[in-house]
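A.B. asks: what's the 3D shape of this:
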Amino acid sequence: MRVHFIAIGGAVMHNLAIALYKKGYKVTGSDDEIFEPSKSRLAQYGLLPVKEGWNADSITKEIDIVILGMHARVDNTELIRATELGIRIMSFPEYIYEQTKNKKRIVVAGSHGKTTTTALIMHVLKFLKINFDYMVGSSIDGYETMVGLSDNSEIAVLEGDEYLTSAIDRRPKFHLYIPDIAILNGIAWDHMNVFPTFENYVEQFKIFIEKISEGGCLIYFDGDPEVRKIALAATNKIRKTPYKVHGYFQNKTGFYAATHNRVIPVKIFGEHNMQNLSAAKEACLATGISEDDFYEAVQSFEGTSKRLQKLNENENGVVYLDFAHSPSKVKATVEAISSRYPGREIIACIELHTYSSLNIDFLPLYKGTLDKASFPFVYYNPHAIQLKKLPYLSMEEVNKAFGAINIRVYDNSSEMFSFIKKQNFRNPVYLFMSSGDYDGCNIKMLSEELLHIK
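C.D. replies: As a prediction, this is how the structure comes out:
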């Protein structure tokens with residue numbers, strides 16, 4: 001089987017390319033720009049294109065399937081040539097469904113918690129030595145790739161992203177997975193560049209529920225009014241299982257998940273993670289896993305990359321990195337850190353990076369999200385606004401939108417980090433939140449500087 005990837009450098013696309021290469025497929029690909037870590041990982045397997053850019057001559061009749069990434073445009077020369085030659089063209093989610101259509105598919109959807117919930121389920125299955133396919137939106141310790149496909153599994157665990165499928169298929173990705181077990185964690189407006197109104201955004205989740213296979217199961221968060229509303233309104237022939245935030249407490253010895261008859265030490269923390277744990281539990285029970293096995297397995301789960309990931313800790317403080325970027329995610333993450341470290345100074349930095357977060361009409365939704373931080377910081381890059389062709393955004397407008405009295409807003413990341421490093425915080429907890437990279441800043445190295453690690 002020969003597969004060609006148009007836009008092979010994407011975070012998930014390059015992982016699928018590596019996964020297929022490891023299955024023995026002949027894999028080629030192209031992209032007009034490839035960044036790290038995709039570049040090094042593709043090079044490691046001999047899959048890095050010789051040069052960047054699109055080349056129609058690389059598309060020949062010997063190719064069996066072209067997998068089209070969201071980054072590629074409709075007028076892509078390789079896409080046009082593949083169409084002319086009659087080669088089968090599939091989007092990433094189409095291909096994932098094709099590979100898993102005969103398996104029990106667990107699809108995790110919602111505006112937040114998707115990656116952690118997916119990873120929790122994967123951790124339990126792996127702990128119990130149950131074979132499964134997977135697709136998750138972050139790197140996880142113990143997994144070489146973010147995509148895994150096999151011929152000897154009966155279960156597939158998929159993170160259900162609501163963003164669009166490709167340039168020629170404007171459906172949200174999670175509409176294509178047809179779940180047997182679906183999780184819906186929460187709904188908070190995001191991606192306003194493709195879903196211009198909240199109602200339009202909510203509609204995508206209604207369609208997702210309609211796509212659940214007949215006789216399948218919807219596991220939904222009962223604490224979200226919008227989720228409960230559309231779950232109860234669904235009329236297709238499915239089982240509905242509501243869930244709440246899992247019981248928990250913390251003390252000087254650690255963080256614990258608790259039920260009426262058991263107390264389990266866990267390595268993750270925060271109310272939002274206890275919501276994720278509860279969702280993962282219901283999904284695992286739906287596959288036939290026992291409560292005893294589930295609770296034994298989750299005790300060793302340490303989280304995923306950039307999801308409340310602890311980078312460093314010593315007597316000088318602790319540093320966390322998190323993917324949070326939408327208002328609901330930022331608020332939940334800051335509150336989790338504040339609750340976990342009572343009485344300590346919380347230095348919280350958020351980078352506005354997405355189309356929505358840099359839009360003046362969306363910004364007011366961030367009001368109050370940093371209130372639990374002792375020292376809140378917001379950074380955005382004016383060049384990113386230009387690239388997204390959005391109106392100019394002033395630091396005063398950003399300050400007003402967040403509504404925190406002591407907030408500091410920067411449009412230069414170096415200046416912000418320089419200021420933070422010069423402060424004499426007492427017993428600090430640093431939290432850096434972004435779906436970007438603060439203009440290429442190595443946050444791991446920054447954490448070592450902040451904590452004076454030599």
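A.B. asks: how far is stretch 418-437 from where the chain is centred?
C.D. replies: Centroid displacement of stretch 418-437 relative to its chain, using CA atoms, centre = their mean, to the nearest Å, is 23 Å.
A.B. asks: equivalent analysis for stretch 105-122, please.
C.D. replies: Distance of stretch 105-122 from the chain centroid (CA atoms, centre = their mean) equals 9 Å.
A.B. asks: neighbours of Asn251, just the number please.
C.D. replies: For Asn251, the number of neighbouring residues by other CB atoms under 10 Å comes to 7. Heads up, the C-betas are built off the backbone N, CA and C, glycines and all.
A.B. asks: beta partners of it?
C.D. replies: Beta bridges link Asn251 to Gly254, judged by DSSP bridges.
A.B. asks: for stretch 435-453, give the mean pLDDT please.
C.D. replies: Mean pLDDT, computed over stretch 435-453, is 93.
A.B. asks: tell me where the stretch 101-250 of the chain has strands.
C.D. replies: For the stretch 101-250 of the chain, applying DSSP state E, counting those that start in this stretch gives strands covering 104-109, 133-135, 147-148, 155-159, 164-166, 169-172, 181-184, 217-221, 239-243, 248-251.
A.B. asks: how far off strand 155-159 does the first one point, in degrees?
C.D. replies: It refers to strand 104-109. Angle, strand 104-109 to strand 155-159, by axes from the mean of the first three to the mean of the last three CA atoms, to 10 degrees: 10 degrees.
A.B. asks: can you give me the distance of the nearest residue to Thr100 once chain neighbours are set aside to Met135?
C.D. replies: Counting by CB to CB, 6 or more residues apart in numbering, Thr100 lies nearest to Ala156, which is 3.9 Å off, once chain neighbours are set aside. According to CB to CB, to the nearest Å, Ala156 and Met135 sit 8 Å apart.
A.B. asks: so between the two, which is more surrounded?
C.D. replies: Each of Ala156 and Met135 has its neighbours counted (other CB under 10 Å); Met135 has more, 29 against 26.
A.B. asks: hey, what's the more buried one bridged with?
C.D. replies: Beta-bridge pairing of Met135 under DSSP bridges involves Val147, Leu158.
A.B. asks: could you list every residue that touches it?
C.D. replies: 12, 16, 96, 146-148, 156-159 (CB atoms under 8 Å, 6 or more residues apart in numbering).
A.B. asks: who's in contact with Glu159?
C.D. replies: Glu159 neighbours (CB under 8 Å, 6+ apart): 107-108, 114-115, 118, 135-137.
A.B. asks: list the buried residues of the biggest strand by length in the chain.
C.D. replies: Counting by DSSP state E, the longest strand found in the chain is strand 345-352. Neighbour-count burial for strand 345-352, counted by 16 or more other CB atoms under 10 Å, picks out 345-352.
A.B. asks: now the host helix or strand of Ser418 - C-alpha only, CSV.
C.D. replies: Element membership of Ser418, judged by DSSP states H and E, is helix 413-422. Only the C-alpha atoms of helix 413-422 are listed here, as CSV (Å, rounded to 0.1, in the frame of the first residue of the first chain):
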residue,chain,number,x,y,z
SER,A,413,7.3,37.8,24.9
SER,A,414,11.0,38.5,25.7
GLU,A,415,10.0,41.6,27.6
MET,A,416,7.4,39.7,29.6
PHE,A,417,9.8,36.9,30.5
SER,A,418,12.5,39.3,31.4
PHE,A,419,10.2,41.1,33.8
ILE,A,420,9.0,37.9,35.4
LYS,A,421,12.6,36.6,35.9
LYS,A,422,13.5,39.9,37.7
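A.B. asks: pLDDT below threshold where in the chain?
C.D. replies: Counting by pLDDT under 70, the chain contains no low-confidence residues.
A.B. asks: how does it divide into domains?
C.D. replies: For the chain, automatic domain parsing gives the domain ranges 2-86, 95-298, 309-450.
A.B. asks: pick the one among the contacts of Glu159 closest to Thr304.
C.D. replies: Thr115 (5.7 Å; CB to CB).
A.B. asks: does that closest one really touch Arg307, like I thought?
C.D. replies: Yes - between Thr115 and Arg307 there is a contact under CB atoms under 8 Å: 5.8 Å.
A.B. asks: where do the contact lists of the two overlap?
C.D. replies: 138, 323.
A.B. asks: so Ile67 belongs to a helix, correct?
C.D. replies: No - counting by DSSP: H, G, I helix; E, B strand; the rest coil, Ile67 is not part of a helix but strand.
A.B. asks: next, count neighbours for it.
C.D. replies: 25.
A.B. asks: what residues of stretch 377-389 count as buried?
C.D. replies: 377-381, 384-385.
A.B. asks: among those, name the ones in strands.
C.D. replies: Those of the buried residues of stretch 377-389 lying in strands (DSSP E): 377-380.
A.B. asks: and which of the residues you listed is nearest Lys367?
C.D. replies: For these, the nearest to Lys367 is Val378 (12.2 Å; CB to CB).
A.B. asks: contacting residues for the closest one?
C.D. replies: 349-352, 370, 398-399, 402, 407-410.
A.B. asks: give me the beta-bridge partners of it?
C.D. replies: Under DSSP bridges, the beta-bridge partners of Val378 are Ile350, Val409.
A.B. asks: and the strands in the stretch 301-450 of the chain, which stretches?
C.D. replies: 309-314, 317-322, 345-352, 375-380, 408-410, 428-433.
A.B. asks: the second one versus strand 428-433: what angle between them?
C.D. replies: Angle between the axes of strand 317-322 and strand 428-433 is 10 degrees (criterion: the same axes, to 10 degrees).
A.B. asks: mind listing residues that contact strand 317-322?
C.D. replies: 306-313, 333, 337, 341, 425, 427-433, 443, 446-447, 450-451.
A.B. asks: and the helices in this protein, which stretches?
C.D. replies: 11-22, 38-44, 77-85, 92-100, 114-127, 198-210, 225-233, 271-286, 291-298, 327-340, 382-387, 395-402, 413-422, 443-450 (DSSP state H).
A.B. asks: buried set for the first one?
C.D. replies: For helix 11-22, the neighbour count (16+ other CB under 10 Å) marks 12-21 as buried.
A.B. asks: export that helix as CSV, just CAs?
C.D. replies: The C-alpha trace of helix 11-22 is given here as CSV (Å, rounded to 0.1, in the frame of the first residue of the first chain):
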residue,chain,number,x,y,z
ALA,A,11,1.0,17.5,14.5
VAL,A,12,-1.4,14.5,14.0
MET,A,13,-0.7,14.0,10.3
HIS,A,14,3.0,13.3,10.7
ASN,A,15,2.1,10.8,13.5
LEU,A,16,-0.3,8.9,11.2
ALA,A,17,2.5,8.9,8.5
ILE,A,18,4.9,7.3,11.0
ALA,A,19,2.3,4.8,12.2
LEU,A,20,1.6,3.7,8.6
TYR,A,21,5.3,3.5,7.9
LYS,A,22,5.7,1.2,10.9
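A.B. asks: pull the distance from it to the chain's centre.
C.D. replies: The answer for helix 11-22 is 17 Å, by CA atoms, centre = their mean.
A.B. asks: tell me which other helices or strands that helix touches.
C.D. replies: strand 2-6, strand 26-30, helix 38-44, helix 92-100, strand 147-148 (3 or more CB pairs under 8 Å, 6 or more residues apart in numbering; DSSP states H and E).
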